[in-house]
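J.: Dropping a prediction and its sequence here:
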Amino acid sequence: MTHTNTIRQASVADIPRIIDLLHQVDMVHHRLRPDLFKPDTTKYSEQELETLLGEESKPIFVYDDGEVLGYTFCQITEVKEDRLLQDRKTLYIDDLCVDEAARGKHIGSALFEFVRDYAKSIGCHAITLNVWAGNDAAMQFYQSKGMQPQKTGMEMELVGFTGWRAWKN
């Protein structure tokens, strides 16, 4: 099944629907880490999304099947002539979301594969992204796409702070 005809660059008309999906992502993160993420908010405002839509290095793609059922926010970075790092162009997936009601229809896979092909077409060496510890479904999804851990972020709860682990138990 090909989904490429339904994946396109996001437009200003998509902003209200993207905001709805951003709320879903926020709640996934809030349930996972209520010590970090506030409930019932979004990562971007409508105005910020409109600005992002004009940034060539931060493309946003949507899966549109008559209604936007998913999106992916990307960031393209390039290292050139760095003292330490090799020259490298990377596409970072900042966010990938499929509407809760549309999950299981391979929309996430279609978005990921579209972004992978896009990254190849613009000469990227790699795709990177972050997954929060405890988001096992996302980790399994990305590993099924051939991704593997690149680095690990770590934290330490300080004395007197109950931390997020208390909410998980």
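T.: Looks like it arrived, so ask away. Numbers count the residues shown, from 1 in each chain.

J.: Give the buried residues for stretch 44-57.
T.: Of the residues in stretch 44-57, 44, 49, 52-53 count as buried by neighbour count, 16 or more other C-beta atoms under 10 Å. All C-beta atoms are positioned from the backbone trio N, CA, C, and that covers glycine.

J.: what sits up against that stretch?
T.: Residues outside stretch 44-57 that contact it (C-beta atoms under 8 Å, 6 or more residues apart in numbering): 10-12, 15-16, 18-19, 22, 58, 60, 73, 75-77.

J.: switch the cut-off to 10 Å
T.: Stretch 44-57 has contacts (C-beta atoms under 10 Å, 6 or more residues apart in numbering) with 9-12, 14-16, 18-19, 22, 42-43, 58-60, 73-78, 91, 94-95.

J.: What's the end-to-end length of that stretch?
T.: 17 Å (C-alpha to C-alpha, to the nearest Å).

J.: how distant is that stretch from the center of its chain?
T.: From the chain centre to the centre of stretch 44-57 is a distance of 15 Å (C-alpha atoms, centre = their mean, to the nearest Å).

J.: how about low-confidence regions in the protein?
T.: 1-5, 160-169 (pLDDT under 70).

J.: mind checking the SS state of the residue nearest the centre of it?
T.: The centre of the chain sits closest to residue 95, judged by C-alpha atoms, centre = their mean, with a distance of 1.3 Å. Here residue 95 is recorded as strand under DSSP: H, G, I helix; E, B strand; the rest coil.

J.: thinking again about what came up before, a markdown table please, covering the buried residues of stretch 44-57 and showing distance to residue 37 and secondary structure.
T.: Formatted as a markdown table, the buried residues of stretch 44-57 follow (distance: C-beta to C-beta, whole Å; DSSP: H, G, I helix; E, B strand; the rest coil):
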| residue | distance to residue 37 | secondary structure |
| --- | --- | --- |
| 44 | 14 | coil |
| 49 | 19 | helix |
| 52 | 20 | helix |
| 53 | 24 | helix |
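
J.: Show me where the chain has its strands.
T.: Per DSSP state E, the chain carries strands over the ranges 7-9, 60-64, 68-79, 88-98, 126-129.

J.: Out of the ones you listed, which is closest to residue 141?
T.: When these are compared by C-beta to C-beta, strand 88-98 sits nearest residue 141, at 8.8 Å.
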